[in-house]
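*Asks:* Below are the sequence and a predicted model; questions follow.
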Amino acid sequence: MSSENTMRAISQDVLGGPEVLKEIELERPDPRPNEVLVRVRAAGVNPTDWKHRATGGFLGEPPFVLGWDVSGVVEAAGIGVAHFRPGDEVFGMLSYPFGHGSHAEYVTAPARAFTHKPSGIDHTEAGALPLVSLTAWQALVETADLRPGQRVLIHAAGGGVGHVAVQIAKARGAHVIGTASAGKHDFLRGLGADELIDYRETDFAEAVRDVDVVLDAIGGEYSFRSLRVLREGGLLVSILPLGSPDLFKEAEGLGVRAVRMLVDADRSGMRAIAGLVDSGKLRATIAETFPLADAAKAHALGESGRTMGKIVLRVS
């Protein structure tokens, strides 16, 4: 059990499979100027978590505490924080990639990473939203400037980012086409998808034409093939930051554009997401929840690829 000055957290000493994750006790952090200390109530688990656990990714060698999604309660505010006070319910994404650490009982972060949690959802749903919602918002709205009537193709539409991107695109008035296995089509129609392609049965590059924007969460050959479904001047946004530089040359040759992006912590984006939640235009689908101590089980389920929506750790 953690004491007043310590906290439970999920850490690892080596890279590897889910079994390397273990619960440890750490000193509870104090907020620095312009930071808040948040008592974590729920924290989403995302593909970036299990990729960093296995490879180190941007973080290099462990030990480290993973997790970027946060929903919780402000415990203390550092010097200069005017926007929050202790007791405020907040949600947000820690600075990506180096602000990680939400898979713990407490986390400190810049106050600007958070906004007030919508009152109409609980911490579990709020904890599922930040990383995937900011990714979709920054890709579709800030990068692609998606507008009413435009056609958008969303790959892996049933996944964490994908099912949120479908809703954000619909809220922008777009015509939404998604690729997903057949078992997820009814779910995605319920979220507003206009056309769905079973990638196991149909080649999307043959079935789709004249798209304004492609949101690519798969990469590799999918990125290159996706360029050919874009109308002239269309844009492919890849949320996978690394890949072949030939993608940009290929796009230029086809008269289209391609960009790669990393999600970034941002209060204005979180406020926009909270507004969509409040207006009933955005919700997270929760695949399963686990207590913090069972983080390894959450990683194993996520890596199986069999889930629809988000996996969330509950922190008591």
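*Replies:* Structure received. Numbering: from 1, shown residues only.

*Asks:* What ranges does this structure have for its helices?
*Replies:* Applying DSSP state H to the chain gives helices spanning 47-55, 123-128, 130-137, 160-171, 185-190, 204-207, 221-226, 246-254, 267-278, 295-304.

*Asks:* So what touches the first one?
*Replies:* By C-beta atoms under 8 Å, 6 or more residues apart in numbering, the list of residues contacting helix 47-55 from outside reads 12, 15-18, 20-21, 57-59, 64, 66-68, 96-97, 100, 103, 131, 160, 299, 302-303. No exception for glycine: its C-beta is placed from N, CA and C like everyone else's.

*Asks:* List only buried entries from these.
*Replies:* Buried members of these, counted by 16 or more other C-beta atoms under 10 Å: 12, 15, 18, 20-21, 64, 66-68, 96-97, 100, 103, 131, 160, 299, 302-303.

*Asks:* so which of the helices of the chain gets nearest residue 151?
*Replies:* helix 160-171 (9.8 Å; C-beta to C-beta).

*Asks:* Run a quick neighbour tally on the residue nearest to residue 148 when sequence neighbours are not counted.
*Replies:* Excluding the flanking residues, the one nearest residue 148 by C-beta to C-beta, 6 or more residues apart in numbering is residue 173, at 3.1 Å. Counted by other C-beta atoms under 10 Å, the residues lying close to residue 173 total 11.

*Asks:* same deal with residue 30?
*Replies:* Neighbouring residues of residue 30 were enumerated by other C-beta under 10 Å; the total is 12.

*Asks:* What pLDDT does the model give residue 241?
*Replies:* On the pLDDT scale, residue 241 is placed at 87.

*Asks:* Now the phi/psi pair for it, please.
*Replies:* phi -70, psi -20 (degrees, to the nearest 10).

*Asks:* Which residue ranges make up each domain of this structure?
*Replies:* Annotated domains of the chain cover 6-129+265-314, 144-260 [the TED database].

*Asks:* Of those domains, which is nearest residue 135?
*Replies:* Comparing the domains of the chain under C-beta to C-beta, the one sitting nearest is domain 144-260, at 5.1 Å.

*Asks:* so how far is the closest one from its chain's centroid?
*Replies:* Relative to its chain's centre, domain 144-260 lies at 17 Å (C-alpha atoms, centre = their mean, to the nearest Å).

*Asks:* got it, and stretch 118-137?
*Replies:* On the basis of C-alpha atoms, centre = their mean, stretch 118-137 sits 9 Å off its chain's mean C-alpha point.

*Asks:* Having no further points to raise, I will conclude here.
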